[in-house]
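**Student:** heads up, no residue letters with this:
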């Protein structure tokens, strides 16, 4: 896969991860850490991909010294390792591969087996569309080896490098070729497929079975040579099975790669690199009676032929498309992110419906008292305030649209919004008409004299105002004290609602602490901007709307207040009561 495709996939994964962080309702600190982790991971992967590409450019065995076939080349591309490379490709710098292009395919020289994984990476970087054409060829010439242990080590090293290359995602079909020195049957290739116990003979573009091949020359002078070649090939097959093929299937460590798909052999008049007393001669001496004069034909002759007839036996693999693979990976990433987002949205919608339904159930479970009772009134007002907060939240979703955490077509809060608004509109204050002789009173306090802007913390200079209000409250012992906070229309509805309730609670806490009034005597409400007493279009109107109202509801004997002598002496009240 090219560098741009890798970088594009990592960027796509990062965008999807950031989108999930925006959809899933994590806390602010957790979300910030998640964003840093995603950005850091994408940046690290980006740098790593760049470094890997740069490292591939510096691999030994670089392809820059010769021109590869064009990207449209569709014949097999074979990497050649093993014996007889100089006679196949000619003398070349050992650190650089050589190339030979034939009618059947392209051959690339791998001077050292350890270069194989890096060379495959480099080729796929330059020609990513060649993944289905790439193969590897190991040449083992029995006449060039005298030590079976050294040969076994070379084969195991080759297996290890092929295994490393396949772990990177390249199939690399394997071919094994041997050249035997013999004057017989020049130009014929003898091939075996994996698991086959019979030989196919390829000559002049035609495939023969051994019997047909022998029968074709029954009346010619080459019949004896072919019979001799058959005996020699059977011996060579037995030798290769014992000294070479066994290492492809034997599990020595982690490097078993399976038998070659094709094993081929051809007979040549002279074999460059021939060594007297080689393993092949030792095998013939021990197993057969074929004892040709050793070393009689060691001079360098014509170049070794490339195994073009065997290339047609390699499986034709579909041409992989790195762009298509990248698109498939991107689609799978998008599918995974979509499933996670849908699951999260469904869960959040379930929690929202459950929360609002529980708030409605709590409110409706408190029956409206026929006669005002402080405890029931306070509970009902608290439950109503919670419903107002829920209504503000759902109304914002209605006006501005549901957030991503609740969206994706799964939001169903609108049906609860209508029910909330109806419940709030139907709410009625308990009647106090039987106590007409004792009417409710309201103390109205200016928020600017109590709190700083957008704050619910009492200012030090607010003590005088609160003391004045407290004196008036304690003059009516046992009455229910309803403290309601109000704001202007500046700011969001949810913020104003929370601020008004927090300011009312701050006044309640101060009076409870300083006046020794039981908690059961208080009811705290927050109305936000919903109950203005002046226009919010002017500064004077907005200032009037920013207030805290303390309403005294007559209910004698509901609260047991401490006697006046038990409290700190308070100055006379000067707060205005509104009747």
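**Tutor:** Everything's here; your move. This structure is a prediction, so every number in the text was calculated from the model and none was measured.

**Student:** shaky segments in the stretch 301-450 of the chain?
**Tutor:** Low-confidence segments of the stretch 301-450 of the chain (pLDDT under 70): 301, 316-322, 367-376, 428-441.

**Student:** show me where it has strands.
**Tutor:** 441-446 (DSSP state E, counting those that start in this stretch).

**Student:** pop the domain breakdown of the chain in here.
**Tutor:** 3-57, 77-320, 330-431, 435-579 (automatic domain parsing).

**Student:** from residue 379, how far out is residue 356?
**Tutor:** Residue 356 is 19 Å from residue 379, where distance means CB to CB, to the nearest Å. C-beta: built from backbone N, CA, C; applies to glycine.

**Student:** and these two? Which one has more around it.
**Tutor:** Set side by side, residue 356 and residue 379 show more neighbours around residue 356, with 21 against 16, by other CB atoms under 10 Å.

**Student:** which helix in this protein has the most residues?
**Tutor:** Looking across the chain with DSSP state H, the single longest helix is helix 322-364.

**Student:** so what secondary structure elements neighbour that helix?
**Tutor:** The contact analysis (3 or more CB pairs under 8 Å, 6 or more residues apart in numbering; DSSP states H and E) places helix 322-364 against helix 3-23, helix 374-400, helix 414-425.

**Student:** reformat the ones you listed as TSV; add distance to residue 503.
**Tutor:** What follows is those, written out as TSV (distance: least, CB to CB, whole Å):
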stretch	distance to residue 503
helix 3-23	33
helix 374-400	13
helix 414-425	21
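
**Student:** mind checking which of these is nearest residue 181?
**Tutor:** Smallest distance to residue 181 across these (CB to CB): 48.1 Å, for helix 3-23.

**Student:** going by neighbour count, list what's buried in that closest one.
**Tutor:** 5-7, 9-10, 12-14, 16-18, 20-21, 23 (16 or more other CB atoms under 10 Å).

**Student:** after that helix, which helix or strand is next? Please name it.
**Tutor:** Beyond helix 3-23 on the C-terminal side, the first helix or strand identified by DSSP states H and E is helix 28-57.

**Student:** so after that next one, what's the next helix or strand?
**Tutor:** As assigned by DSSP H and E, the chain's next helix or strand after helix 28-57 is strand 77-82.

**Student:** paired strands for that following strand, with orientation please.
**Tutor:** strand 106-109 (parallel), strand 134-139 (parallel) (DSSP bridges).

**Student:** and stretch 33-52, average pLDDT?
**Tutor:** Averaging pLDDT along stretch 33-52 yields 85.

**Student:** now do it: distance to the chain's middle.
**Tutor:** Here stretch 33-52 is found 12 Å from its chain centre; the criterion is CA atoms, centre = their mean, to the nearest Å.

**Student:** which residues sit against it?
**Tutor:** 3, 6-7, 10-11, 13-14, 17-18, 21, 26 (CB atoms under 8 Å, 6 or more residues apart in numbering).

**Student:** what distance do you get for residue 146 to residue 283?
**Tutor:** Where residue 283 is concerned, residue 146 sits at a distance of 12 Å (CB to CB).

**Student:** and for residue 142?
**Tutor:** Distance from residue 142 to residue 283, by CB to CB: 7 Å.

**Student:** which one of the two has more residues nearby?
**Tutor:** residue 142 (26 against 19).

**Student:** with adjacent residues omitted, what lies nearest to the more buried one?
**Tutor:** Spatial nearest neighbour of residue 142, chain neighbours left out: residue 280 (3.4 Å); criterion: CB to CB, 6 or more residues apart in numbering.

**Student:** state the helix or strand in which that neighbour lies.
**Tutor:** helix 279-287.

**Student:** over to residue 198?
**Tutor:** Using DSSP H and E, residue 198 maps to neither a helix nor a strand.

**Student:** quick check: phi and psi at it.
**Tutor:** When quoted as degrees, to the nearest 10, the phi and psi of residue 198 stand at phi -120, psi 160.

**Student:** and it, what does it touch?
**Tutor:** 192, 209-210.

**Student:** out of those residues, who's nearest residue 229?
**Tutor:** For the contacts of residue 198, the closest approach to residue 229 (CB to CB) belongs to residue 210, at 10.1 Å.

**Student:** verify the stated contact: that closest one with residue 191.
**Tutor:** No. Using CB atoms under 8 Å, residue 210 is not in contact with residue 191; the gap is 11.7 Å.

**Student:** pretty sure residue 190 is touching residue 199, no?
**Tutor:** Yes. If you go by CB under 8 Å, residue 190 and residue 199 touch, sitting 5.2 Å apart.

**Student:** who has more neighbours out of those two?
**Tutor:** residue 190 (25 against 20).
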